[in-house]
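give me the fold of what follows.
(one chain, ligands or ions: 2)
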Amino acid sequence: MPFGLVSAWNKRRRSKSNDHTDPWVYKPVEFWQLEDQTPQPTKRHHGSSVFTLKEMEEATGSFSDENLVGKGGFGRVYRGTLRSGEIVAIKKMELPPFKEAEGEREFRVEVDILTRLEHPNLVSLIGYCADGKHRFLVYEYMQKGNLQDHLNGIGESKMDWPLRLRVALGAAKGLAYLHSSSSVGIPIVHRDFKSTNVLLNTNFQAKISDFGLAKLMPEGQESYVTARVQGTFGYFDPEYTSTGKLTLQSDVYAFGVVLLELLTGRRAVDLNQGPNDQNLVLQVRHILNDKKKLRKVIDPELGRNSYTMESIIMFANLASRCVRSESSERPSMEECVKELQLIIYTNSKGLGVALPTFRKA
Ligand SMILES: Nc1ncnc2c1ncn2[C@@H]1O[C@H](COP(=O)(O)OP(=O)(O)OP(=O)(O)O)[C@@H](O)[C@H]1O
Ligand SMILES: [Mg+2]
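Numbering: from 1, shown residues only. Ligands and ions are numbered 1, 2, ... in the order given. From the prediction side, this is the model:
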């Protein structure tokens with residue numbers, strides 16, 4: 001898939017010249033000299049979090065095709081069963097030799113960041129394996145796979161509007177937590193938020209994955225100018241791509257793109273469309289606040305009795321603000337959480353169904 005390859009290649013490009021001076025090149029959290037130097041509790045999931053290659057082979061039936069659940073830029077992902085009986089997802093690093101150093105860095109960022117974070121809307125890292133040259137990441141298993149597959153026909157059933165709203169809220173809470181700085185004392189920019197990185201468990205609870213590109217924002221610094229843009233086509237913040245200025249708002253832009261995918265059922269980038277319709281944001285941005293035209297872009301697979309137009313209008317308005325070209329005009333993720341709660345409330349009320357209660361998470 002050429003697009004996937006380009007995306008993966010682009011995602012893994014790294015500046016090699018000034019690693020030791022550039023504050024945006026990955027360094028462990030200790031590097032930032034946090035005021036509170038008390039040791040951070042390291043999340044330990046069911047005891048040991050370090051696995052051997054033999055354990056990885058045993059868990060996946062020697063990486064058998066029947067355990068293969070997906071493939072991304074880092075390598076293949078397998079369903080595995082640990083010796084404890086726990087079902088997990090095992091991501092195997094498979095990179096050509098010239099990309100191994102960069103892959104190793106992403107591997108470390110993922111382990112370093114994820115072991116410090118705990119939130120119901122972030123995928124948990126159960127452990128890892130760094131045996132010789134072999135690298136594996138072991139995550140909690142997300143039975144329903146990624147969000148994009150559910151929106152583009154591969155999932156068993158189409159998601160109705162209340163479920164899409166719940167997934168949007170879950171993802172928003174995950175990003176708001178990363179941005180809040182409460183997790184490691186420094187806000188974290190995910191940098192690769194997209195619908196394949198929103199995973200769903202058996203209850204369709206949304207959890208964000210793939211922190212390999214994440215960046216810790218040094219305290220007091222609201223943006224950083226980087227020479228190389230990293231992420232995935234279709235989700236790039238235009239301000240970041242044109243100026244190299246990375247902010248928390250770059251994640252808000254990508255979140256807005258996912259909102260548009262939820263609303264329209266279309267892909268962020270669809271190379272099967274004509275040249276002017278390949279990019280979802282460019283395709284629909286101008287009609288998001290036009291109530292009449294908006295109806296035309298609603299996912300035709302969406303059950304008509306699962307949504308109210310009022311909630312769709314509010315949702316489209318939120319999405320349009322998230323994908324504004326000027327990053328300063330986009331809402332914060334905290335605001336997105338509040339608005340989505342209001343949209344869920346509005347939709348439930350309009351349909352006359354039991355109103356959901358919201359926990360502060
Ligand atoms: N924890 C998990 N549980 C269940 N399935 C998973 C898990 N992690 C990943 N997957 C599946 O494996 C697929 C590949 O994941 P991966 O993160 O390697 O690539 P991607 O996000 O699709 O693309 P890219 O590498 O370009 O970011 C996902 O799309 C998802 O369907
Ligand atoms: Mg992924």
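
smallest gap between this structure and ligand 1, at which residue?
Nearest residue of the chain to ligand 1 (C-beta to the nearest ligand atom) works out as residue 72 at 1.9 Å. All C-beta spots, glycine's among them, are computed from the backbone N, C-alpha and C.

do you know the pLDDT at that residue?
We have a pLDDT of 86 for residue 72.

where does the prediction get shaky in the stretch 201-350 of the chain?
Scanning the stretch 201-350 of the chain for pLDDT under 70 picks out 216-230.

where along the stretch 251-361 of the chain do the helices fall?
Applying DSSP state H, counting those that start in this stretch to the stretch 251-361 of the chain gives helices spanning 280-284, 291-297, 309-322, 333-351.

okay, those helices in JSON lines with mean neighbour count next?
Formatted as JSON lines, the helices of the stretch 251-361 of the chain follow (neighbours: other C-beta atoms under 10 Å):
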{"stretch": "helix 280-284", "mean neighbour count": "19"}
{"stretch": "helix 291-297", "mean neighbour count": "13"}
{"stretch": "helix 309-322", "mean neighbour count": "20"}
{"stretch": "helix 333-351", "mean neighbour count": "18"}
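
what's the closest of the ones you listed to residue 141?
Judged by C-beta to C-beta, the one of the helices of the stretch 251-361 of the chain that comes nearest to residue 141 is helix 333-351, at 26.2 Å.

that closest one versus helix 309-322: what angle between them?
170 degrees (axes from the mean of the first three to the mean of the last three C-alpha atoms, to 10 degrees).

which strands or helices does helix 333-351 pack on?
helix 161-179, helix 248-264, helix 309-322 (3 or more C-beta pairs under 8 Å, 6 or more residues apart in numbering; DSSP states H and E).

tell me the most buried of these?
helix 248-264 (a mean of 26; mean count of other C-beta atoms under 10 Å).

and it, does that touch ligand 2?
No. Contact of helix 248-264 with ligand 2 (C-beta under 5 Å from the ion) is absent, the minimum separation being 13.0 Å.

got the angle between that helix and helix 309-322?
Using the same axes, to 10 degrees: helix 248-264 against helix 309-322 is 150 degrees.

separation between the closest residue to ligand 2 within the stretch 151-300 of the chain and residue 77?
Closest contact between the stretch 151-300 of the chain and ligand 2, by C-beta to the ion, is at residue 210 (4.0 Å). Taken as C-beta to C-beta, to the nearest Å, the spacing of residue 210 relative to residue 77 amounts to 11 Å.

quick check: neighbours shared by the two?
Residues touching both residue 210 and residue 77 by C-beta atoms under 8 Å, 6 or more residues apart in numbering: none at all.

those two - which one has more neighbours?
In this view residue 210 and residue 77 are compared by other C-beta atoms under 10 Å, and residue 210 has more residues nearby, 26 against 20.
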